[in-house]
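Peer 1: sequence unknown, structure follows:
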């Protein structure tokens, strides 16, 4: 009888534990995916190799934060520059999808085979607060003989076509000038109606270019742009302490994770300015994403407040 009572009690305990198990977290249903590919598998020696890194996931752009992107390890190639873009859309099933695309531009060193070894991407799931890593595969590209870019001479047919094109351009030149003048006036009117956040987001995309500029120069431009936003939007003088900035962003509902990333951005700025530390391409991508997300979140909150 004693054994029966003990077994019965144990069964109730096991049943209670089973009922207490939490349901599966819905956040795990959305996984980040990595795809890497080359624009062409064979490239002449005097052309560029273009390499794409594409991250995609179900949800909004701020669902995942990219913590670190390692620079690609190269064989028979040299990194010339890189750029990035973000895209958000609704798929055919009516679900939100986000895509972050990073483009690398490489210069071939000599003819033969070249390789782009896998890069490592560290990310954070803002819903589950978990971090993970993605590793891309090694991609080969064949470097072929350089192409002849010199003029081969023009025959009569080509000269005729060029003459007609020039004549057409001459005829429509005045109309085009008027068209662009009117468009400029329209753009000026539209810019006058933009929110501060929309204006600075446009400035960010148009004036901070990742190709052809040193990362340190782009980092300096990004700092200047965000400091100008804080000054114009909240009246914070340039050079304000970060705790003053944090108070303002907290009051407008910016989440703690974004604020921490912004604090890293300001701390890195001090080291770059006073210690002369370099800035990597991957760091620059992360800081640009942080500023873009903060401006986007602030714009959403402002629009919601106006509608209310």
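Peer 2: Cool, the structure landed. Keep in mind that this is a model prediction, so the values were computed, not measured.

Peer 1: ok, residue 121 touching residue 69?
Peer 2: Yes: counting by C-beta atoms under 8 Å, residue 121 touches residue 69, with 5.3 Å between them. The way it works is simple: take the backbone N, C-alpha and C, and place the C-beta from them, glycine included.

Peer 1: where do the contact lists of the two overlap?
Peer 2: Common contacts of residue 121 and residue 69, defined by C-beta atoms under 8 Å, 6 or more residues apart in numbering, comprise residue 53.

Peer 1: quick one: the helices in the stretch 51-200 of the chain?
Peer 2: Taking DSSP state H, counting those that start in this stretch as the test, the helices found in the stretch 51-200 of the chain are 156-192, 196-207.

Peer 1: Give me the contacts around the last one.
Peer 2: The list of residues contacting helix 196-207 from outside it, by C-beta under 8 Å, 6+ apart, reads 191, 194, 221-222, 225-226, 228-229, 232-233, 288, 291-292, 295-296, 298-299, 302.

Peer 1: Check stretch 250-264 too.
Peer 2: Contacts to stretch 250-264, defined as C-beta under 8 Å, 6+ apart, come from residues 62, 65, 124, 126, 242, 245-246, 249, 286, 290-291, 293-294, 297-298, 301.

Peer 1: so which of the residues you listed comes closest to residue 174?
Peer 2: Residue 174 lies nearest to residue 291 out of these, by C-beta to C-beta, at 41.9 Å.

Peer 1: and the closest one, how many neighbours does it have?
Peer 2: Residue 291 has 22 neighbours, counted by other C-beta atoms under 10 Å.

Peer 1: what about the spatially closest residue to it that is not a sequence neighbour, neighbour count?
Peer 2: In this structure, residue 291 finds its nearest non-sequential neighbour in residue 226, 5.3 Å apart by C-beta to C-beta, 6 or more residues apart in numbering. By other C-beta under 10 Å, the residues close to residue 226 number 22.

Peer 1: Residue 226 belongs to a helix?
Peer 2: Yes: per DSSP: H, G, I helix; E, B strand; the rest coil, residue 226 lies within a helix segment.

Peer 1: which stretches of the stretch 201-308 of the chain form strands?
Peer 2: Using DSSP state E, counting those that start in this stretch, no strands are found in the stretch 201-308 of the chain.

Peer 1: correct me, but residue 50 touches residue 38?
Peer 2: Yes: proximity of residue 50 to residue 38 meets the contact threshold set by C-beta under 8 Å, at 6.8 Å.

Peer 1: sorry, back to before: could you single out the most deeply buried of the helices of the stretch 51-200 of the chain?
Peer 2: helix 196-207 (a mean of 16; mean count of other C-beta atoms under 10 Å).

Peer 1: what is the rounded mean pLDDT of that one?
Peer 2: On average, the pLDDT along helix 196-207 is 83.

Peer 1: can you check stretch 256-267 too?
Peer 2: 89.

Peer 1: I'd like the numbering to begin with 828 instead of 1 from here.
Peer 2: Okay, residue one is now 828; in that scheme the one you just asked about reads as stretch 1083-1094.

Peer 1: and the closest residue to residue 858 other than its chain neighbours, how many neighbours does it have?
Peer 2: Among residues not flanking residue 858 along the chain, residue 884 sits closest, at 6.8 Å (C-beta to C-beta, 6+ apart). Counted with other C-beta under 10 Å, the neighbours of residue 884 add up to 19.

Peer 1: Do I have it right that residue 884 meets residue 862?
Peer 2: No: if you go by C-beta under 8 Å, residue 884 and residue 862 don't touch, sitting 11.8 Å apart.

Peer 1: ok so, going back, can you tell me which of the contacts of stretch 1077-1091 comes closest to residue 919?
Peer 2: Residue 919 lies nearest to residue 889 out of the contacts of stretch 1077-1091, by C-beta to C-beta, at 23.2 Å.

Peer 1: ok, the closest residue to that closest one other than its chain neighbours - contacts?
Peer 2: In this structure, residue 889 finds its nearest non-sequential neighbour in residue 1120, 5.4 Å apart by C-beta to C-beta, 6+ apart. Counting by C-beta under 8 Å, 6+ apart, residue 1120 touches 888, 889, 1085.

Peer 1: now residue 1049
Peer 2: Residue 1049 is in contact with 1031, 1035, 1111, 1114, 1115, 1118, counting by C-beta under 8 Å, 6+ apart.

Peer 1: Which pair in the residues you listed has the greatest spatial separation?
Peer 2: Largest separation among the contacts of residue 1049 by C-beta to C-beta: 1031 and 1111, giving 12.4 Å.

Peer 1: in the stretch 878-1027 of the chain, which segments are predicted with low confidence?
Peer 2: Within the stretch 878-1027 of the chain, the stretches with pLDDT under 70 are 976-982, 1012-1019.

Peer 1: where exactly do the strands run in it?
Peer 2: So, for the stretch 878-1027 of the chain - with DSSP E, counting those that start in this stretch - the strands run 891-896, 901-902, 904-917, 923-935, 939-943, 947-952, 958-962, 966-971.
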